[in-house]
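Asker: predicted structure and sequence below. I'll ask about it afterward.
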Amino acid sequence: MIRVENLLYSYANQGVPALKNISFKVNDQEIFGFLGPSGAGKSTTQKVMTGILKNYQGSVTLKGREVNNFNKQFYENIGVAFEFPNLYLKFTALENLALFASFYTCEKYDFQELLSRVGLWEDRNLPVEAFSKGMRMRLNFIRAILHKPKLLFLDEPTSGLDPSNSRMLKDFILELRDNGTTIFLTTHNMTDADELCDRVAFMIDGQLPVIDSPEKLKLQHGRKTLKIRYKADMQLETKEFSLHGLGSNNEFLQLINHNEIETIHTQEATLEDIFLAVTGKQLS
Ligand code: ADP
């Protein structure tokens, strides 16, 4: 669905390009995560892909069509929810949805269904300026999908949400994917990425050194370990061992034979650990 080849983008006032020849593909009906620290080039990529930044080099095609040649009709297929909600603050939630819906000619979701789904039906007649950050994020999300786009761009969709609304939104995103939507997600939240993404790309300094599924990255780079908490001289101590060769690891065997064990857990490398191992940089 999306094909990006040798994309190079430089801002007019910057010496170093923000995107340095990046290439990747996003398949139909997949959630593709773009992960990287602040300033890596994630928003710039998203702005090129949504037709906001036009004078790029290389090629960016959505369904075979170069984004520079988009016409108005093409935007009916695309939904965009960037991190800072672009809503009209003096308008109510319902008025915002009605206004944005008027931009599209295609079939739309029922507003009541959408507002109820994200827990905002009771607040539908309040001006958005009275909404908390989390309420604005939820409204901004349904604003982006109300015209049933085939391709959805999301930027930090769970930012500012409490755990239960974050769960609700993530389930909603997965359901959209299962029903046929292709989703391009930028985030520096590794837990979200791990839970949601079919594949992730690591972005650093305008380049993409790694693209793979979270599972494969963990298999490739993750070192499974066992964390053990035990009492020694009345003190609680913690030690970590590699699972490899554990049965013949004398230090481990001594420890479990001679100490009172409090807890033992195996642990996998997180995407955050892998990002650091691969790029040498912290995510945030
Ligand atoms: P991210 O979304 O990963 O935080 P950005 O795409 O916003 O990264 O930024 C990538 C690089 O481009 C950074 O070095 C940033 O300073 C620069 N940049 C972003 N927007 C502009 C702009 N409007 N003008 C000049 N430089 C910019």
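Answerer: Everything's here; your move.

Asker: could you pull out the helices for the stretch 51-200 of the chain?
Answerer: Secondary structure of the stretch 51-200 of the chain, counting by DSSP state H, counting those that start in this stretch: helices at 93-101, 111-117, 133-145, 163-178, 190-196.

Asker: buried residues, the second one. List them.
Answerer: Applying a neighbour-count criterion of 16 or more other CB atoms under 10 Å, one finds 111, 114-115, 117 buried in helix 111-117. (Glycine included, C-beta is placed from N, CA and C.)

Asker: that helix - contacts with which helices or strands?
Answerer: If contacts are counted by 3 or more CB pairs under 8 Å, 6 or more residues apart in numbering; DSSP states H and E, helix 111-117 sits against helix 93-101, helix 133-145.

Asker: what sits up against that helix?
Answerer: 93-94, 97-98, 101, 121, 124, 142, 145-146, 172 (CB atoms under 8 Å, 6 or more residues apart in numbering).

Asker: swap in the third one?
Answerer: Residues outside helix 133-145 that contact it (CB under 8 Å, 6+ apart) are 79-81, 85-87, 93, 96-97, 100, 109, 114-115, 117-120, 123, 128, 131, 152-154, 157-162, 165, 169, 172, 176.

Asker: ok, now with 7 Å
Answerer: 79-81, 85, 87, 93, 96-97, 100, 114-115, 118-120, 123, 128, 131, 152, 157, 159-162, 165, 169, 176 (CB atoms under 7 Å, 6 or more residues apart in numbering).

Asker: could you list which of the residues you listed also contact the ligand?
Answerer: Among the contacts of helix 133-145, not one lies near the ligand by CB under 6 Å from any ligand atom.

Asker: which of the residues you listed are buried?
Answerer: Here, 16+ other CB under 10 Å leaves 79-81, 85, 87, 93, 96-97, 100, 114-115, 118, 120, 123, 128, 131, 152, 157, 159-161, 165, 169, 176 buried among those.

Asker: specify the beta-bridge partners of the residue of the stretch 51-200 of the chain found nearest the ligand.
Answerer: At 6.7 Å from the ligand, T186 is the closest residue in the stretch 51-200 of the chain, using CB to the nearest ligand atom. Counting by DSSP bridges, T186 is bridged to F34, D155.
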